[in-house]
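K.L.:
below are the sequence and a predicted model for it; my questions follow.
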Amino acid sequence: ETGVTQTPRHLVMGMTNKKSLKCEQHLGHNAMYWYKQSAKKPLELMFVYNFKEQTENNSVPSRFSPECPNSSHLFLHLHTLQPEDSALYLCATGAGGSSTDTQYFGPGTRLTVL
Amino acid sequence: GQQLNQSPQSMFIQEGEDVSMNCTSSSIFNTWLWYKQDPGEGPVLLIALYKAGELTSNGRLTAQFGITRKDSFLNISASIPSDVGIYFCAGQIKAAGNKLTFGGGTRVLVKP
């Protein structure tokens, strides 16, 4: 069974649409992360959840809204996005807690905003 | 914030060659991680390093955690075509929680 899955793998949406990205993990991890990967830029951390509580919001615009209903699922709700939000959105998971934490990534959702 | 300088930005390999890439920082890290990303996929963890001076291998891959804790390198020995992809280093600081700081990536291509 794949450790971290993401759906959909590809998404095209207009600027007025509302959509959601889903991440599911089967690793028993307690920390979950959303990253944005744009062309020619390093991976950018967006949000961190530890034990279902949001512990980091890296100055992300409010048109991105995360949700972590349980330790296995993480969502990223999208509304009124801009074309510059087009990117690969990656979910990652880790053991969590206060110790250093190796992170495992999902395959990503390729988002295109028209 | 912390920054990681990864070099080279890109490189061409010929089958059988050994290749090397590295990351440096002005900050000290507690953990160094190396990932590989294929087109259309997420990064896959290759090697994790947790102690200064640590040298760890994973098949044909070898990575070292620099003694100063400000750098790390990754070597690929006897490269093969499937080594093509983008390799990322990432550093982690305990004081910054679980956040990873990523390098800009090294794109490995096959010589035509």
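P.N.:
Nice, I can see it.

K.L.:
my guess is B:Met77 contacts B:Gly16, does it?
P.N.:
One correction, residue B:77 is Ser, not Met. No - using C-beta atoms under 8 Å, B:Ser77 is not in contact with B:Gly16, being 9.5 Å away. All C-beta spots, glycine's among them, are computed from the backbone N, C-alpha and C.

K.L.:
more neighbours: those two, which one.
P.N.:
Under the criterion of other C-beta atoms under 10 Å in any protein chain shown, the comparison of B:Ser77 against B:Gly16 puts B:Ser77 first, with 14 against 9.

K.L.:
pull the contacting residues for that one.
P.N.:
By C-beta atoms under 8 Å, 6 or more residues apart in numbering or on different chains, the contact set of B:Ser77 is B:Asp18, B:Arg60, B:Leu61, B:Thr62.

K.L.:
and it, how far from B:Asp38?
P.N.:
20 Å (C-beta to C-beta, to the nearest Å).

K.L.:
pull the residues that contact stretch A:67-84.
P.N.:
Surrounding stretch A:67-84, the residues in contact under the criterion C-beta under 8 Å, 6+ apart are A:13, A:15-26, A:29-30, A:32, A:34, A:46-47, A:49, A:51-54, A:63-66, A:85, A:89, A:91, A:111, A:113-114.

K.L.:
among those, the buried ones, what's the ChimeraX command?
P.N.:
Here is the ChimeraX command that selects the buried residues among those (16 or more other C-beta atoms under 10 Å in any protein chain shown):
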select /A:13,19,21,22,23,24,25,29,30,32,34,46,47,49,64,66,85,89,91,111,113
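
K.L.:
A:Asn50 - how many residues pack around it?
P.N.:
20.

K.L.:
which residues does A:Asn30 contact?
P.N.:
Taking C-beta under 8 Å, 6+ apart as the test, what A:Asn30 contacts is A:Asn50, A:Phe51, A:Ser71, A:Gly94, A:Ala95, A:Gly96, A:Gly97.

K.L.:
do A:Thr102 as well
P.N.:
Counting by C-beta under 8 Å, 6+ apart, A:Thr102 has contacts A:Gly94, A:Ala95, B:Thr31, B:Leu33, B:Leu45, B:Ala48.

K.L.:
tell me the helices and strands packed up against the helix or strand that contains the fifth one.
P.N.:
Spelled out, it's B:Leu45. Using DSSP states H and E, B:Leu45 falls within strand B:44-49. With contacts taken as 3 or more C-beta pairs under 8 Å, 6 or more residues apart in numbering or on different chains; DSSP states H and E, strand B:44-49 sits against strand A:104-105, strand B:31-37, strand B:55-58, strand B:61-65, strand B:71-76.

K.L.:
try it again with 7 Å
P.N.:
strand B:31-37, strand B:55-58, strand B:61-65 (3 or more C-beta pairs under 7 Å, 6 or more residues apart in numbering or on different chains; DSSP states H and E).

K.L.:
quick one: closest of those strands to B:Ser82.
P.N.:
In terms of C-beta to C-beta, the element of these nearest to B:Ser82 is strand B:31-37, at 10.1 Å.

K.L.:
where along chain A do the helices fall?
P.N.:
Using DSSP state H, no helices are found in chain A.
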